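Trainee: just need the structure, nothing else, for what follows:
(chains A, B and C)
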Amino acid sequence: MPELPEVETVVRGLDSSMRGRRIIRAEVFRPNLRVPFPPDFCERIAGQAVNKVARRAKYFMVYLEDGTVVIGHLGMSGRMIVRPQDAYPLARHDHVRWQMDDGKEVVFNDARRFGLMLLADADTLEQHDLLVHLGPEPLSNHFSEDYLATELLKKKSAIKPVLMDQRLVVGVGNIYASEALFRCGIHPGQPAHLCAEQAGTLVAAIRAVLEAAIASGGSTLRDYARESGEMGYFQHQFQVYGREGKPCYACATPVARITQTGRSTFFCPSCQASITRRSRKRAACG
DNA sequence: CGGCAAACCTGCGAGC
DNA sequence: TGCTCGCAGGTTTGCC
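Mentor: You can find the predicted model right below:
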């Protein structure tokens, strides 16, 4: 699934396609995805103009003129497709279709149905169940070195799964967790209570890899595609993700893969040498 | 409360 | 060619 850069890419495309346009008609072709659609989903959307499309964490949000907000999540395999109306037959896994007033249609397609779409009110959006527990945006000033260092001191498990906890910081998923840790030379299995110096380099690495991925239009793997149907190309810049057994670009050591909390983690055993308890005690930054 | 496995689904590539 | 198996970008739930 799309992580923050992919959702950001989709949101930018949707905003340019939908902002200021009116949704003429809304249709749902399946009663539920991860959660059931609200019973009045289509009626509350149809006929309304779109104020803007924005992102929070990995959610996209379509702001309608009457204060209703469509909250959506792409899950693992969700796509938002913008195409000319009636130019294509309904495809397998097309779950939602919005007909726009400019002759286009916006289609939500999600094979694995881990995605969701529901309605909220703009006034109380931040208090919504899905959003209220989310951590800071990684590209905002709220995600600071002090913040991360302080929060990580409370954690006992390995740093990589902790980075994927959306209550700590949003938008970092399985790919970018591995990529960020490689960039700052931290072993994914290292206990999460990093020293302040490491926390600082990690903040910078997370920002850098997410910004670079956004600049490349996100990553396209398997069934993920950009809103426009074009392909993001950041996957060609992965340093470790999906490169098990291939030489590290920095030192030629074969990239390793391990499983952490059920997810694959990729890292360079040399560049991200694990820090033993003893050597960490000796480390100057403890 | 923290941490982890399992569950939610379908599709695809690898290997036999 | 055709089957089975393992794996896939996320989040929630439930169990220790």
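
Trainee: kindly list the longest helix within chain A.
Mentor: helix A:196-215 (DSSP state H).

Trainee: tell me the secondary structure for A:Pro39?
Mentor: coil (DSSP: H, G, I helix; E, B strand; the rest coil).

Trainee: and it, how many neighbours?
Mentor: A:Pro39 has 9 neighbours, counted by other C-beta atoms under 10 Å. C-beta: built from backbone N, CA, C; applies to glycine.

Trainee: please determine how far it is located from DNA strand B.
Mentor: Separation of A:Pro39 from DNA strand B (C-beta to the nearest atom of the strand, to the nearest Å): 19 Å.

Trainee: now A:Ala149
Mentor: 16 Å.

Trainee: in what helix or strand does that residue lie?
Mentor: helix A:145-152 (DSSP states H and E).

Trainee: and that helix, what's buried?
Mentor: A:Tyr147, A:Leu148, A:Ala149, A:Glu151, A:Leu152 (16 or more other C-beta atoms under 10 Å).

Trainee: likewise for stretch A:86-100?
Mentor: Applying 16+ other C-beta under 10 Å to stretch A:86-100 flags A:His93, A:Asp94, A:His95, A:Val96, A:Arg97, A:Trp98, A:Gln99, A:Met100 as buried.

Trainee: what's the helix or strand for the closest residue to A:Ile23 other than its chain neighbours?
Mentor: Closest residue in space to A:Ile23, ignoring its immediate chain neighbours: A:Trp98 at 4.9 Å, by C-beta to C-beta, 6 or more residues apart in numbering. Element membership for A:Trp98 (DSSP H and E) is strand A:94-100.

Trainee: of the buried residues of stretch A:86-100, just say which sits nearest to A:Gln190.
Mentor: In terms of C-beta to C-beta, no member of the buried residues of stretch A:86-100 lies closer to A:Gln190 than A:His93, at 39.5 Å.

Trainee: so which bits of the helix or strand harbouring A:Met80 are buried?
Mentor: Assigned by DSSP H and E, A:Met80 belongs to strand A:78-84. Residues A:Gly78, A:Arg79, A:Met80, A:Ile81, A:Val82 are the ones in strand A:78-84 that count as buried (16+ other C-beta under 10 Å).

Trainee: and for the residue in the stretch 51-200 of chain A that DNA strand C sits nearest to, the neighbour number?
Mentor: Closest residue of the stretch 51-200 of chain A to DNA strand C, C-beta to the nearest atom of the strand: A:Gly173 (1.8 Å). Each residue near A:Gly173 was counted by other C-beta under 10 Å, and the total is 21.

Trainee: average model confidence for the strand holding A:Met80?
Mentor: When pLDDT is averaged over strand A:78-84, the result is 91.

Trainee: strand A:94-100 and that strand, what's the angle between them?
Mentor: Angle, strand A:78-84 to strand A:94-100, by axes from the mean of the first three to the mean of the last three C-alpha atoms, to 10 degrees: 40 degrees.
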